[in-house]
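Enquirer: Sharing a sequence plus its predicted fold:
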Amino acid sequence: MGEFVVQLRENLRFFSICVVIALAVILCAKLAERFLLKHRTVSPARRVSIIGMCTAIAIVLYTLDFPVPFLAPPFYKMDFSEIPVLLCGFFLGPSAGVICLALKVLIKLLLTGTTTAFVGDFANFIVGCTLVLPAVVIYHVQKSKRSAMIGLIVGTVSMAVFGSAFNAIYLIPEFSRLFGLSLESIIAMGAAIHASIDSVNMLALLCVAPLNLVKGTAVSILTLLLYKHVARPLFREK
């Protein structure tokens, strides 16, 4: 009974931290949007419908995640669900992108649950925001293909740097504690890919950072290729 209470307390603590960070991210997105989108031309009903469409597509792509065994241990998975989130953010603004990202994770959890003690799902949201927010904010400063490219490059670098640091400092130790897997076992999984991995920091540097770079680059290229083709039928943009 004592172990159950301790585990419940740890889970509630982690959940509380997730909620606080998520609300802070949404608030930052709203503040950025207040200065960037002073003249809103999209009605509330249309805004909700576009966020709903992009969220539905993102959920499907999120469930199609897959491991990349030559880059990272199998509990790290790659997906392309940020593509519709970026499309949504490019059209509606930063807060819409963050809301779409949050809804994607929440609905996916309700539909399929978690296999990573919620750590992977929380990481997907937070690390995803480090790609989406810079890209969308920079694009809305001056809407052009060039600013979109710059935003996506900045977002990809941000995701690689922040994602690896956040994994090393918080996510990997938290995953070890909540999932019941020792840090030594997790490091050993990384060492099976890169023999030089002998610590959590090296795991984040040699596995997480490259995985995020590959994912960010792929998502960015696909977003650039798709935006002009889907903007008109999906958003009715001229």
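Expert: Noted; the coordinates are in hand. What you see is a predicted model; the values in this text were computed from it and never measured.
Enquirer: now for the helix or strand containing residue 23, which elements pack on it?
Expert: Taking DSSP states H and E as the criterion, residue 23 maps to helix 2-36. For helix 2-36, the contact count by 3 or more C-beta pairs under 8 Å, 6 or more residues apart in numbering; DSSP states H and E identifies helix 94-112, helix 119-141, helix 172-179 as packing neighbours. Placement of C-beta: from N, CA and C, glycine included.
Enquirer: rank those by pLDDT, which is bottom?
Expert: Of all these, helix 172-179 carries the lowest average pLDDT, namely a mean of 83.
Enquirer: OK, contacts around the most centrally placed residue in the chain?
Expert: The residue lying closest to the centre of the chain (C-alpha atoms, centre = their mean) is residue 128, at 1.8 Å. Residue 128 makes contact with 81-82, 85, 101, 159, according to C-beta atoms under 8 Å, 6 or more residues apart in numbering.
Enquirer: How far away from the center of its chain is the helix holding residue 23?
Expert: Chain-centre distance of helix 2-36: 14 Å, with C-alpha atoms, centre = their mean, to the nearest Å.
Enquirer: tell me which residues of the helix or strand just after it are tucked away?
Expert: Downstream of helix 2-36, the first helix or strand assigned by DSSP H and E is helix 44-63. Residues of helix 44-63 classed as buried: 47, 50-51, 53-55, 57-59, 61-62 (neighbour count, 16 or more other C-beta atoms under 10 Å).
Enquirer: which of these lies closest to residue 73?
Expert: residue 62 (19.5 Å; C-beta to C-beta).
Enquirer: Is the closest one in contact with residue 83, as I believe?
Expert: No. Judged on C-beta atoms under 8 Å, residue 62 makes no contact with residue 83 at a distance of 10.8 Å.
Enquirer: quick revisit: would JSON lines of the helices and strands packed on helix 2-36 with distance to residue 199 be doable?
Expert: Output for the helices and strands packed on helix 2-36, formatted as JSON lines (distance: least, C-beta to C-beta, whole Å):
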{"stretch": "helix 94-112", "distance to residue 199": "29"}
{"stretch": "helix 119-141", "distance to residue 199": "19"}
{"stretch": "helix 172-179", "distance to residue 199": "10"}
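Enquirer: returning to that earlier point: in the helix holding residue 23, what counts as buried?
Expert: Buried, per 16+ other C-beta under 10 Å, within helix 2-36: 14, 18, 22, 25-26, 28-29, 32-33.
Enquirer: Check stretch 115-123 too.
Expert: Neighbour counts over stretch 115-123 (16+ other C-beta under 10 Å) mark 116-123 as buried.
Enquirer: One more: stretch 147-163?
Expert: Quick answer for stretch 147-163 (16+ other C-beta under 10 Å): 147-160, 162-163.
Enquirer: Report the contact partners of residue 80.
Expert: Counted by C-beta under 8 Å, 6+ apart, residue 80 has contacts 61, 64, 218-219, 222.
Enquirer: ok, 10 Å please
Expert: By C-beta atoms under 10 Å, 6 or more residues apart in numbering, the contact set of residue 80 is 58, 61-62, 64-65, 215, 218-219, 222-223.
Enquirer: By neighbours, which of these wins?
Expert: Highest neighbour count within the contacts of residue 80: residue 58, with 28 neighbours (other C-beta atoms under 10 Å).
Enquirer: Run the chain-centre distance for stretch 196-213.
Expert: For stretch 196-213 - counting by C-alpha atoms, centre = their mean - the centre lies 18 Å from the chain centre.
Enquirer: same check, this time on stretch 168-183
Expert: 19 Å.
Enquirer: Likewise for stretch 115-123?
Expert: 12 Å.
Enquirer: Name the residues that touch it?
Expert: Contacts for stretch 115-123 (C-beta under 10 Å, 6+ apart): 10-11, 14-15, 17-19, 21-22, 62, 65, 75-77, 104-106, 108-109, 113-114, 124, 163, 166-167, 170-181, 208.
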